[in-house]
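Trainee: fold the following for me, if possible:
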Amino acid sequence: MNQTKAGATRAGRYAWYVVFLLTLAYAVSLLDRWIITLLVDPIKTDLGISDTQMGILMGWAFAIFYLGLGIPMGWLADRVNRRNLIAVCIGLWCVMTAACGLSRNFGQIFLARLGVGIGEAALTPAANSLLSDYFPRSQQSTAISIFNMGVSAGMGIAYLCGGLVVAWANQVAPTELPVVGSLAPWQVTFLIVGIPGLLLAAMMLTVKEPIRSGQVALDGGDAKPSLTGAFKYVLKRRRAYLTLALGMATSPLIGYSWLWLPTVFQRAYDVPTTQFAFIYGIVLLTGGPLGAIMAGKISERLYRRGHPDANYITARGALWVMIVVSTAIPLSPSPWLALALLFPATVAGAMTTAAGAAANVFAAPGQYRAQITSFYVLTISLIGLGIGPPLVGWLNDNVFTGDDGVRFSVAFVSGVVCSALTALMFFGRDAYRQAVVDLEQATAET
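Mentor: Below is the predicted model:
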């Protein structure tokens, strides 16, 4: 196993190369995960499946293993070569994305989406752990924030590509390929976004596995990476971790409820899906990176000024901005104002994602980083995916039943449900700060 020691004071250029590769991997994962959301109609038409089946493909077909294997993958990442684990998983999800494009019926594409979820389950816990060992604490917030730029970059490319494909699908004939046969434009799209990722998997093998840092004995235990030890560590600090995870669930809850946003713009503002996809794709590719970088820089400045809970402060503040703007978007009196508000909402959303992920890692001992990241991702994803899209749908059918009722349903999720979750973070800041202080003191003593 090749190993390298992280810099003691400032990370060098090689560490930033690792950040670049992992950020690119995150972007590819989001692209492969989300591209299906803008290919709904052609997939339904060609495969002859229902809205319910399409919803299963977009949601639980991916989420079953993505969420179910998160903690086992975190356990594995705390024990094995993280570089190799990430490379293998990138290869797996890219192959399975391409397999979606070769599918001829619901069962085949369902199995392919399961495979995408299996591959992507390891990336976030392994990458956060890896980055924490490449950077000193004074730079970890920025490194992890830049890594989280991959979320908006991947979604932005997905919206841009998806919008173009929807338009393309109405103009071109199926593509004929050797052995494979005739492929519809949506199938070719899956191949285009899936196959190039195999090169990225190979590039990951150029990354050196760093020496694990920050492994300290706490709570009367030892410094070995165990699932029991990780549970005990989080349980003892449950006020800090629970309020952080529940509050940060606001970000994916808004994000997943925004699966309905193209519908909002189509029904309430008469903006075609292809036009919305192009505009929102540009917004994601610009506002997302800006927000992630801002989160890292603000958190680092607060940390240098003596705030050990700097990431927590940044995340909580950005969440409130995100809530206010996200609630205003579907209630806007004009489509142009709604489209304009997408930018500040995206910037704030990227800030919350980046700062929240950094806050979670910042309070975790080295031997538990990947596992605690898995706990965090599981919690926020279950709330976001499990509540967001179905709650909006239920409100559409039972409460806001007008032609444009979806706008009020989306606003309710952002303004009411998410405000309640974010308010919980006011009760956890002191506990979180103490958890970081205790960890830093224990690390300094080793």
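Trainee: list the buried residues of stretch 45-64.
Mentor: 46-47, 49, 53-63 (16 or more other C-beta atoms under 10 Å). For the C-beta atoms, the positions are set from N, CA and C on the backbone; glycine is no exception.
Trainee: which of these sits closest to residue 374?
Mentor: residue 63 (14.3 Å; C-beta to C-beta).
Trainee: which residues are in contact with stretch 295-311?
Mentor: Contacts to stretch 295-311, defined as C-beta atoms under 8 Å, 6 or more residues apart in numbering, come from residues 137-139, 141-146, 148, 313-315, 318, 350-352, 354-356, 358-359, 362, 429, 432-433, 436-437, 440.
Trainee: now restrict those residues to buried residues only.
Mentor: Buried, going by 16+ other C-beta under 10 Å: 137, 139, 141-146, 148, 313-315, 318, 350-352, 354-356, 358-359, 362, 429, 432-433, 436, 440, out of the contacts of stretch 295-311.
Trainee: let's see which of those residues end up in helices.
Mentor: Among these, the members found in helices (DSSP state H) are 137, 139, 141-146, 313-315, 318, 350-352, 354-356, 358-359, 362, 429, 432-433, 436, 440.
Trainee: most widely separated two among the buried residues of stretch 45-64?
Mentor: Once C-beta to C-beta is applied, the buried residues of stretch 45-64 give 46 and 63 as the farthest pair, at 23.7 Å.
Trainee: tell me, what residue is most central in the chain?
Mentor: The residue lying closest to the centre of the chain (C-alpha atoms, centre = their mean) is residue 151, at 5.3 Å.
Trainee: quick one: it and residue 291 touch, right?
Mentor: No: if you go by C-beta atoms under 8 Å, residue 151 and residue 291 don't touch, sitting 10.0 Å apart.
Trainee: for the chain, what spans make up the strands?
Mentor: Taking DSSP state E as the criterion, the chain carries its strands at 3-4, 175-177, 181-183, 209-210.
Trainee: nearest to residue 374, out of these?
Mentor: Checked against C-beta to C-beta, the stretch from the strands of the chain lying closest is strand 209-210, at 19.3 Å.
Trainee: how deep is residue 253 tucked in, by neighbour count?
Mentor: 25 (other C-beta atoms under 10 Å).
Trainee: how many neighbours does the residue nearest to it when sequence neighbours are not counted have?
Mentor: Among residues not flanking residue 253 along the chain, residue 384 sits closest, at 4.5 Å (C-beta to C-beta, 6 or more residues apart in numbering). Residue 384 sits with 20 neighbouring residues when counted by other C-beta under 10 Å.
Trainee: repeat for residue 16
Mentor: Per other C-beta under 10 Å, the neighbour tally for residue 16 reads 16.
Trainee: ok, now how distant is it from residue 98?
Mentor: 30 Å (C-beta to C-beta, to the nearest Å).
Trainee: ok, residue 316 next?
Mentor: Distance from residue 316 to residue 98, by C-beta to C-beta: 40 Å.
Trainee: so which of the two has more stuff around it?
Mentor: Ranked by neighbour count (other C-beta under 10 Å), residue 316 and residue 98 place residue 316 first, with 25 against 21.
Trainee: give the contact list for that one.
Mentor: Taking C-beta under 8 Å, 6+ apart as the test, what residue 316 contacts is 247, 422, 425, 426, 429.
Trainee: so where's the longest helix in this structure?
Mentor: helix 273-304.
Trainee: what angle separates it from helix 137-147?
Mentor: 180 degrees (axes from the mean of the first three to the mean of the last three C-alpha atoms, to 10 degrees).
Trainee: only the buried residues of helix 273-304, if you could.
Mentor: Applying 16+ other C-beta under 10 Å to helix 273-304 flags 273-281, 283-285, 287-296, 298-300, 302-303 as buried.
Trainee: show me where pLDDT drops low in the chain?
Mentor: Flagging of the chain using pLDDT under 70 yields the residue ranges 1-11, 162-163, 165-167, 169-170, 172-173, 213-225, 445-446.
Trainee: again, only using 50
Mentor: Applying pLDDT under 50 to the chain flags residues 1-8.
Trainee: about what we covered before: out of the strands of the chain, deepest packed?
Mentor: strand 209-210 (a mean of 20; mean count of other C-beta atoms under 10 Å).
Trainee: tell me which strands it pairs with, and in which orientation.
Mentor: strand 3-4 (parallel) (DSSP bridges).
Trainee: need the strands of the chain in a markdown table (columns: distance to residue 389).
Mentor: A markdown table is the format used below for the strands of the chain (distance: least, C-beta to C-beta, whole Å):
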| stretch | distance to residue 389 |
| --- | --- |
| strand 3-4 | 43 |
| strand 175-177 | 32 |
| strand 181-183 | 29 |
| strand 209-210 | 38 |
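Trainee: closest one to residue 112 among those?
Mentor: strand 181-183 (14.3 Å).
Trainee: which helices and strands does that closest one pack with?
Mentor: Applying 3 or more C-beta pairs under 8 Å, 6 or more residues apart in numbering; DSSP states H and E, we find strand 181-183 packed against strand 175-177.
Trainee: neighbouring strands for the strand it packs on, and are they parallel or not?
Mentor: The pairing partners recorded for strand 175-177 under DSSP bridges are strand 181-183 (antiparallel).
Trainee: what lies in contact with the partner strand?
Mentor: For strand 181-183, using C-beta under 8 Å, 6+ apart, the contacting residues are 101, 102, 174, 175, 176, 177, 191.
Trainee: for residue 121, which non-adjacent residue is closest in space?
Mentor: Closest residue to residue 121 apart from its sequence neighbours, by C-beta to C-beta, 6+ apart: residue 69 at 4.2 Å.
Trainee: from residue 82, how far off is the one you found?
Mentor: Using C-beta to C-beta, we find residue 69 at a distance of 16 Å from residue 82.
Trainee: quick one, which of the two is more surrounded?
Mentor: In this view residue 69 and residue 82 are compared by other C-beta under 10 Å, and residue 82 has more residues nearby, 26 against 19.
Trainee: what sits against the more buried one?
Mentor: Contacts of residue 82 (C-beta under 8 Å, 6+ apart): 126, 127, 129, 130, 209, 370.
Trainee: 7 Å instead?
Mentor: 126, 129, 130, 209 (C-beta atoms under 7 Å, 6 or more residues apart in numbering).
Trainee: dihedrals phi and psi, the nearest residue to residue 338 once chain neighbours are set aside?
Mentor: In this structure, residue 338 finds its nearest non-sequential neighbour in residue 332, 3.9 Å apart by C-beta to C-beta, 6+ apart. Residue 332 has phi and psi values of phi -60, psi 140 when expressed as degrees, to the nearest 10.
Trainee: all set, thanks.
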